[in-house]
Structure formats: C-alpha cells, structure tokens
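> What follows is a protein structure lacking sequence information:
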C-alpha cells in the first residue's frame, strides 16, 4: 500500500466516523496536509500509521533494531542512553515533534518534548504521537 493509498483510506474512515465527505489530502513540502485538519504519517517495518487532529499533530513509529544506542543518543540528544526501550521512546517522541511543528529533525533531537505521548504498541516497535489539540483519530495498517 502506498502512502497516498493509506492516507486516502484513513480519510475515508475519518469521514465514516465523523460524518461528511473525506477531507481533501495533498502534500506540502513533502508532508501530508488535509483541509482544516492536522495530518501526520509514519511507517516502519510492516506498519503504516497516521494521526488526524483538529490542530497540529505528529506521529512516529520505529521498529526496534540493533543500534549503538549510547553513541547515537550522545551524538543526537547530548546525553547517553543505553537502553533500547528508552532510546526508541526518546527518538519517536522527538521525531513526532519534528513532524508536528515542521522543524528539522536535528533541531527536534536536541529538544525536550514533554507533550509527546508514547502509546502501547506491538512488541519490538515504539509509537509516539504529539498534538497541540486533542487527537481525533489514528489509523494503523
């Protein structure tokens, strides 16, 4: 399934849940946008996820894999993180913030993102979402 197909399906499900016609989704600077709504898209491994909210939203999904967690966290976060779980929580929260606020990932990696939430997910994956307003829906395929 392409990201365009996925967003079309998510928009159709959004309309079925909340009434009306599916919101028009297009891309701006390579990112999905929906008329009057915040939209964010992520994929990792075999999964694609989207978040839709009444304001700015960001979502990130990462499949766990062997990495130099301590070295990467020192380089990108400025502090060492040696736990796989802690590293992927921090990474997904920061990447979700970058998507939500339209800032470069390198900038988001150095920031604290207390408004990001890590959501329960399938073992071996970490999923985080952020939004300035309440999240309306999230679709995972």
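Ah, there it is. Just so it is clear, the structure is predicted and the values come from calculations on it, not from any experiment.

> How much space separates the closest residue to residue 87 other than its chain neighbours from residue 118?
In space, residue 87 comes closest to residue 69 once its chain neighbours are excluded; the distance is 4.2 Å by CB to CB, 6 or more residues apart in numbering. Every residue, glycine included, has its C-beta placed from N, CA and C. Between residue 69 and residue 118 the computed distance is 16 Å (CB to CB, to the nearest Å).

> now the biggest helix by length in the chain, how far from the centre of its chain.
As assigned by DSSP state H, the longest helix anywhere in the chain is helix 84-101. Centroid displacement of helix 84-101 relative to its chain, using CA atoms, centre = their mean, to the nearest Å, is 8 Å.

> what ranges do the helices span in the protein?
Assignment of helices within the chain using DSSP H yields the ranges 3-18, 69-77, 84-101, 105-108.

> lowest-confidence stretch among the ones you listed?
Of all these, the segment with the smallest mean pLDDT is helix 3-18, scoring a mean of 77.

> What residues does the residue most central in space within the chain make contact with?
The centre of the chain sits closest to residue 59, judged by CA atoms, centre = their mean, with a distance of 1.3 Å. Residue 59 makes contacts with 40-42, 49-51, 96, 99, 127-130, 138, as judged by CB atoms under 8 Å, 6 or more residues apart in numbering.

> Mind doing that once more with 10 Å?
The contact partners of residue 59, by CB atoms under 10 Å, 6 or more residues apart in numbering, come to 39-42, 49-53, 92, 95-96, 99-100, 116, 119, 127-131, 135, 138, 140.

> Residue 81 now?
Taking CB under 10 Å, 6+ apart as the criterion, residue 81 is in contact with 69, 70, 72, 73, 74, 87, 88, 89, 90, 91.
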